[in-house]
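[1] I'd like to go over a predicted model; first the sequence, then the structure.
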Amino acid sequence: MRTLPFSAFVGLNELKTALLILAVDNSIEGLLIMGPKGTGKSSIVRSMVDLLPEIYVVADCPFNCDPYDEREMCDLCKERVRKGEKLPVKKVKMKVVTLPIGATEDMVLGTINIEKTLQEKRMVFEPGILGRANRNILYVDEVNLLPDHIVDSILDAAASGWNIVEREGISLKHPSKFILIGTMNPEEGELRPQLLDRFAISIKLSTLKDPEARAEIVKRNIEFQTNTEDFLKRWSPYQEELRKKIERAREILPKVKVDDEIILRVSRTCSMLDVDGYRPDIVAVKVARALAALDGRLKVNEQDLFAGLRFALTHRTRAEGLKAPPTEEELKSAFFGLTGIKSRVKIRTASRGKEKREKFRFFPRWSF
């Protein structure tokens, strides 16, 4: 099903930024989107694929193995390489792999077909969701309604980058590195704090109240449905601008510097807020680096850092689960060191006149 171009979605600025962050650095292990139904969560995630680069894969491998890196190959591809076989290669577009409702553990992990393996005297593997999602986007809708063991399996693979299937003494290891995106409606049930913590970053959505914005949503959707090709052509330059931004950011990301002072400031903020564990500190720095790269800079600044902390801490309980996630004011107080300082960070907000002209065309950088 075709969706609106990514850049044509009205509002959702923070979500757009989060998705761009994942596109630049997919070692940031997962995005949790919290909000009511009908706010465009699924559609904008699917539209993200159009911005991502094509990838080279082993043509006949069900796990989309990288044909040029043996370290990132499944056991079957590694064995072929070691035997001197030349692997067939093709270039494919990245895609969104959606976890179906009611998925079983075998559907997620995959399974080894013992009967065929014995008959054909070779391993016959039936790939699961984690196999098909390798080097793609794995989208999990209503993650809070899934059985905990299914969520655990997905998050374990996201953290390690690998999936191991074992049955009757036979095992197969394959890469499972994907961009994990989950959604949930808090009104339908919460995620356990242990699972919440496994999502690297999160955002909270709400239904737009601005009548002009809602009207623009209606207008664009009707235009897209009635004259799809013209609509896509009109938004093509903005899509291309974002593709180039992502491509440049991925290239310069390894060169982005983070001073020791920056890292210390992140850790000091997390310590003051009683944040559990060290993962949030790491995530906040990674997000800040990705934001700097998206802005074409080789050095992280205060604005990147504050945004990184917001993304990393919005969903995390504190003080061993006794405290709720920090509020905006708590975060500002801890980050700036003085209660009541609103914003030494230069969060970019346009003047009212400029905002009115541009609010529906594109989204300003990190303007939360």
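    That came through, no problem. The structure presented is a predicted model; accordingly, all values stated were derived computationally and were not measured.
[2] only C-alpha atoms for contact and neighbour calcs from this point on.
    Will do.
[3] Low-confidence bits of the protein, can you list those?
    1, 123, 338-368 (pLDDT under 70).
[4] for the residue of it positioned farthest from its centre, phi and psi?
    The centre of the chain is farthest from one residue, Q119, which by C-alpha atoms, centre = their mean lies 41.1 Å away. Backbone geometry at Q119, expressed as degrees, to the nearest 10, gives phi -70, psi -50.
[5] Tell me how many other residues crowd K95.
    19 (other C-alpha atoms under 10 Å).
[6] Give me the distance between N185 and D148.
    Look at N185 and D148: by C-alpha to C-alpha, to the nearest Å, they are 16 Å apart.
[7] tell me the secondary structure for R122?
    coil (DSSP: H, G, I helix; E, B strand; the rest coil).
[8] Looking at N185 and D148 now, which is surrounded by more residues?
    N185 (19 against 14).
[9] got a list of contacts for the top helix by length along the chain?
    Counting residues, the longest helix found in the chain (DSSP state H) is helix 228-252. Contacting residues not belonging to helix 228-252 are listed as 5-8, 20, 23-25, 51-53, 223-224, 290, 293-296, 298 [C-alpha atoms under 8 Å, 6 or more residues apart in numbering].
[10] Only the buried subset of the residues you listed, as a PyMOL command please.
    Of the contacts of helix 228-252, the buried ones can be selected in PyMOL as follows, counting by 16 or more other C-alpha atoms under 10 Å:
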select buried, resi 5+6+7+8+20+23+24+25+51+52+224+290+293+294+295+296+298
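[11] measure the residue farthest from the centre of the chain to N113 for me?
    For Q119, the distance to N113 (C-alpha to C-alpha) stands at 10 Å.
[12] which residue ranges form the helices in the stretch 151-300 of the chain?
    Here the stretch 151-300 of the chain has its helices, by DSSP state H, counting those that start in this stretch, at 193-196, 211-226, 228-252, 260-272, 279-294.
[13] Out of those, which gets nearest to K90?
    Proximity to K90 (C-alpha to C-alpha) singles out helix 228-252 among these, at 20.5 Å.
[14] Show me the domain layout of this structure.
    Domain assignment for the chain by automatic domain parsing gives 9-204, 254-336.
[15] Tabulate those (TSV), appending distance to A213.
    Shown next, in TSV, are the domains of the chain (distance: least, C-alpha to C-alpha, whole Å):
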stretch	distance to A213
domain 9-204	7
domain 254-336	24
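[16] Is I181 in contact with I28, as I believe?
    No: at 11.0 Å, I181 does not count as touching I28 under the criterion of C-alpha atoms under 8 Å.
[17] Give me the neighbour count for the residue nearest to I170 when sequence neighbours are not counted.
    If the residues on either side of it in the chain are set aside, I170 comes closest to I112, at 7.9 Å by C-alpha to C-alpha, 6 or more residues apart in numbering. I112: 20 surrounding residues under other C-alpha under 10 Å.
[18] and if you look at L232?
    The number of residues packed near L232 is 15, by other C-alpha under 10 Å.
[19] what about the helices in the stretch 1-150 of the chain?
    13-24, 41-47, 75-82, 105-109, 114-120, 129-132, 148-160.
[20] Let me know which of those helices is tucked in deepest.
    Among the helices of the stretch 1-150 of the chain, ranked by average contacts under mean count of other C-alpha atoms under 10 Å, first place goes to helix 129-132 (a mean of 25).
[21] Distance from that one to the middle of the chain?
    Distance of helix 129-132 from its chain centroid, counting by C-alpha atoms, centre = their mean, to the nearest Å, is 16 Å.
[22] Mind giving me the packing neighbours of that helix?
    If you count contacts as 3 or more C-alpha pairs under 8 Å, 6 or more residues apart in numbering; DSSP states H and E, helix 129-132 packs onto helix 105-109.
[23] one more time with 10 Å
    If contacts are counted by 3 or more C-alpha pairs under 10 Å, 6 or more residues apart in numbering; DSSP states H and E, helix 129-132 sits against strand 96-98, helix 105-109, strand 137-140, helix 148-160, strand 162-167, strand 170-175.
[24] can you list contacts of that helix?
    61-65, 74, 95-100, 103, 105-110, 136, 138, 153-154, 157-158, 161-163, 174-178 (C-alpha atoms under 10 Å, 6 or more residues apart in numbering).
[25] what's the distance between L208 and R46?
    With distances taken as C-alpha to C-alpha, L208 is found 21 Å from R46.
[26] What of F63?
    Between F63 and R46 the computed distance is 20 Å (C-alpha to C-alpha).
[27] Then D230?
    Distance of D230 to R46, computed by C-alpha to C-alpha: 20 Å.
[28] If we ignore the residues flanking it in sequence, what's nearest C270?
    Closest residue to C270 apart from its sequence neighbours, by C-alpha to C-alpha, 6+ apart: D281 at 6.9 Å.
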